[in-house]
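> here's a sequence, model it:
(chains A and B)
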Amino acid sequence: MKTPLTIVVGSGGVGKTTLAAAMAADEAGRGRDTLVMTFDPSLRLKDALGVDADPESNDIQVPYDADGELWASLLDARRTFDTLIDRYAPNDAARERILTNRFYDHLSGSLAGVLEYMASERLFEVAAYGKYDRVILDTPPTRQALDFLGAPERIVAFLESGALRIALKPWFDADGSFKATAKLGILGRNVESFFDRMVGMELLRDMAEFFQAFAPLYDGFVERALEVQEMLRSPETLFTLVSGPGEQRVADTLFFARKLTEAGHHLGPVVVNRVHPEVADAPEVSNLSDGRGLLAWLGRKDHEGVAQLRELLGGSHPLLVVPLRPDEPTDLASLAELGAMLREQLAQ
Amino acid sequence: MNLLRRLEQLELVVVTGKGGVGKSVVTAALGRMLATRGRKVLLFEVDPRENLHQLLGTEPSGGEIIKASPGLFLQHIEPRELIDDLVREKLKINMLVNRVLASPVHRHFTEGAPGLKESAVFGRALRMVEGHGPATLRRPDVVILDAPATGHGVSWLAAPQLVADVVRSGPIGHMAELISTFLADQERCGVVLVTTAEEMPVEETTELISSLRGRLDRHPEAVIANALYPAVDDGDPGDDPAERLWRDRRTINVTQLERLDAVWAGPLAEIPLLPIDPGPALVGAVARQIEAQLRSA
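Below is the predicted model of the structure:
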């Protein structure tokens, strides 16, 4: 693996996408060719990066007057999945069979972990390609922010489990009717007759067809997933953990930090984003329309949270604090400024 | 009909919105409000990082139904376990149950099958309001679901129909059909959207409103705009940085509320940012705000 990767993780709504774009703009500004991969940018950020211009292409060069090139890509699970099938399907007939399978239609959009897996798949491709000096990945909003990292493992576990072997059995004969499955043994018969009763034959037929259509792809999948797994634990892959302000987030942030480290990943800085500034000589909040008093209260609370987090992290990871701004940065200049601020805090 | 009266009639309220907008606080506050008005309320939480109990000042649920205050109960739900329960119920014979539960096929099927987990959660809600609950709470009047912030609230609501489409026979297909009929019944089920008045949450709320309408032919009971900075007067902010930041953030709130207004003409509650630590006091204050605003909506 050649290209250093930064992976930005954290709960939904904490500002991961903006911070990833900011770090990328800063890197490009300092002469490094940088790619930022993002999932769900705001409209204004999309405009700033120009990622909506050409949905067919993967990486788009952002018009940016800097020493390094800035590239951006917008990840889309269904499209990545389709591309993957295009690449691996042995022939047009097989490809067509997968793409038109009713199950695939549901699966590619909603199967747990597909989006996350596809992201790491793309990431690996980009890293191996060696075109960029830096790659920064924004991660998708998942129920558990760490789902993303477990995705390759889950895919491997699935592919190597009995589930796949059973799914790949020729359950149906040429007419599409059900074959006796004596060879599956008692476990197979029980499980299968249970599913038959629970969900009916139609779904089973669809599923079997789906897995069989995918069969030629599996070898490549396992190999790739293992490589992605290794890449996510490599010392050149550094995680940035983003948190919202406030004491109520501290436990969550520490939980993520611990999980990342336990899973063998390398956690770099922890960023507390959108911290209300401290207000000098602030009065107690007098009433609900007292905005200045409210800001002072929020500033005090947010800084208590930061102090608590700093103490609990105990210097194991650098803690960066991003103050709440008048507005989210959405043009390249202010993104680069935010990125530079993070870098300078990190250097101290 | 009066909106509060309508909310009181519902048997299921699904609260959804983007991550970080205060969905759990609003869920707890809606529960508190309806319980105060005499309903027996059960809150369902599915986020593995439980936090409703902290907001209501109780012990963690650990999967059990916990009473938080008169008429207000909460339960943390693990969708996987609901599905395992279903297997136990349908298979009955212990040896077979254990085999199925231990089988990788079952694990991967329930993990990966689109819509199954969501359907199981709604299925449990339906069973509860129909009076099949445990002795602690036999029959709540209403279940309020703090739906996960997947960014795709509609996919939760559409899940049972998806399962019903894919699985056309057998007990799962039958249940999915029952559940999607229940969800589609606007007399029984409602949706409340939570947002902040900021760009991304409003964007997502706008998309949610239009896909609820387009895909499910439904509109939310109310939109709750949470955590608003206080209104500003026309005076000169001067050089005070706190005063200026307040004004700038308030300006964003106002702009985004206007954007919301362009797509949403229905009931809207504007909840101020309150200088209260997360906990029962905050939930009570937000409940009173929601009640007052929805009464006049």
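> can you pull the contacts of residue B:37?
B:4, B:8 (Cβ atoms under 8 Å, 6 or more residues apart in numbering or on different chains). C-beta: built from backbone N, CA, C; applies to glycine.
> next up, phi/psi of it, please.
Backbone torsions for residue B:37, taken as degrees, to the nearest 10, come to phi -90, psi 10.
> now it: how far from chain A?
With the distance defined as Cβ to the nearest Cβ, to the nearest Å, residue B:37 ends up 24 Å from chain A.
> just the strands in the stretch 1-150 of chain A please.
A:5-9, A:34-38, A:60-61, A:70-74, A:134-138 (DSSP state E, counting those that start in this stretch).
> can you tell me which of these is most buried?
Mean neighbours per residue, mean count of other Cβ atoms under 10 Å in any protein chain shown, is largest over the strands of the stretch 1-150 of chain A for strand A:34-38, with a mean of 28.
> show me what that strand pairs with in its sheet, parallel or antiparallel.
Strand A:34-38 sits in its sheet next to strand A:70-74 (parallel), strand A:134-138 (parallel), going by DSSP bridges.
> next, the residues that contact the last one from outside, please.
Same thing as strand A:134-138. A:3-8, A:16-17, A:20-21, A:23-24, A:27, A:32-39, A:119, A:123, A:126-127.
> and the helix of greatest length in chain A, what other elements does it pack with?
The longest helix of chain A (DSSP state H) is helix A:291-313. Contact here means 3 or more Cβ pairs under 8 Å, 6 or more residues apart in numbering or on different chains; DSSP states H and E; on that basis helix A:291-313 packs against helix A:250-262, strand A:266-275, strand A:319-323, helix B:241-263.
> any stretches of chain B with poor pLDDT?
Scanning chain B with the threshold set as pLDDT under 70 gives B:1, B:104-105, B:108-109, B:111-114, B:150-153.
> which stretches in it count as helices?
Secondary structure of chain B (DSSP H): helices located at B:3-9, B:23-36, B:52-56, B:79-91, B:94-102, B:104-112, B:116-129, B:153-166, B:170-184, B:199-216, B:241-263, B:280-296.
> and among the ones you listed, the most buried is which?
By mean count of other Cβ under 10 Å, the helices of chain B have helix B:23-36 as the most buried, with a mean of 26.
> how far does that one sit from the chain's center?
Computed by Cα atoms, centre = their mean, to the nearest Å, the chain-centroid distance of helix B:23-36 equals 10 Å.
> can you tell me what sits against it?
For helix B:23-36, the surrounding residues in contact (Cβ under 8 Å, 6+ apart) are B:7-8, B:13, B:15-17, B:41, B:43, B:45, B:47, B:51-52, B:55-56, B:69-72, B:74, B:142, B:144-147, B:149, B:192, B:194, B:224, B:226, B:271, B:278, B:282-284, B:286-291.
> ok, and of those, which contact chain A?
For chain A, the contacts drawn from these by Cβ under 8 Å from any Cβ of the partner chain are B:47, B:51, B:149, B:278.
> could you work out the most separated pair of these?
By the measure Cβ to Cβ, B:149 and B:278 form the most distant pair in the ones next to chain A among the contacts of helix B:23-36, at 16.6 Å.
> looking only at neighbour counts, state which of the two leads.
The neighbour comparison of residue B:149 against residue B:278 (other Cβ atoms under 10 Å in any protein chain shown) goes to residue B:149, with 24 against 17.
> what about the stretch 1-150 of chain A, any weak spots by pLDDT?
Residue ranges of the stretch 1-150 of chain A with pLDDT under 70: A:1-2, A:40, A:52-57, A:76-81, A:84, A:88, A:102-121, A:141-150.
> tell me where it has helices.
A:16-29, A:43-49, A:77-88, A:92-100, A:102-110, A:114-129, A:147-160 (DSSP state H, counting those that start in this stretch).
> residue contacts, the spatially closest residue to residue B:177 that is not a sequence neighbour?
The shortest distance from residue B:177 to any non-neighbouring residue, by Cβ to Cβ, 6 or more residues apart in numbering or on different chains, is to residue B:164 (4.7 Å). When contacts are counted by Cβ under 8 Å, 6+ apart, residue B:164 touches B:173, B:176, B:177, B:180.
> how far away is residue B:164 from chain A?
Distance from residue B:164 to chain A, by Cβ to the nearest Cβ: 11 Å.
> and if you look at residue B:225?
15 Å.
> likewise for residue B:185?
The value you get for residue B:185 to chain A, if Cβ to the nearest Cβ is used, is 24 Å.
> and that residue, how many neighbours?
Residue B:185 has 12 nearby residues by other Cβ under 10 Å.
> for it, grab phi and psi.
According to degrees, to the nearest 10, residue B:185 has phi -80, psi 100.
> returning to that earlier point: export the strands paired with strand A:34-38 to JSON lines and tack on distance to residue A:222?
Listed next are the strands paired with strand A:34-38 as JSON lines, based on distance: least, Cβ to Cβ, whole Å:
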{"stretch": "strand A:70-74", "distance to residue A:222": "25"}
{"stretch": "strand A:134-138", "distance to residue A:222": "22"}
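> compare those strands and give me the one nearest residue A:64.
strand A:70-74 (4.4 Å).
> what sits up against that closest one?
Contacts with strand A:70-74, where a contact means Cβ under 8 Å, 6+ apart, come from A:21, A:24-25, A:28, A:33-39, A:41, A:46, A:49-52, A:55, A:58-62, A:64, A:122, A:132, A:332.
> how many other residues sit next to residue A:10?
28.
> ok, it - contacts?
Applying Cβ under 8 Å, 6+ apart, the residues near residue A:10 are A:16, A:139, A:145, A:241, A:242, A:243, A:256.
> identify the residues contacting the first one.
If a contact means Cβ under 8 Å, 6+ apart, then residue A:16 has A:8, A:9, A:10, A:138, A:139, A:242 as its contacts.
> leaving out sequence neighbours, find the closest residue to residue B:173.
Residue B:173 sits nearest to residue B:167 (Cβ to Cβ, 6+ apart), 4.0 Å away.
> my guess is the one you found contacts residue B:176, does it?
Yes: in this structure, residue B:167 is within contact of residue B:176 by Cβ atoms under 8 Å, at 6.2 Å.
> so the nearest residue to residue A:243 once chain neighbours are set aside versus residue A:7, what's the distance?
Closest residue to residue A:243 apart from its sequence neighbours, by Cβ to Cβ, 6+ apart: residue A:253 at 4.1 Å. Going from residue A:253 to residue A:7 by Cβ to Cβ, to the nearest Å gives 16 Å.
> what's the answer for residue B:275, then?
Counting by Cβ to Cβ, the gap from residue B:275 to residue A:7 is 36 Å.
> repeat that for residue B:237.
Residue B:237 sits 40 Å away from residue A:7, going by Cβ to Cβ.
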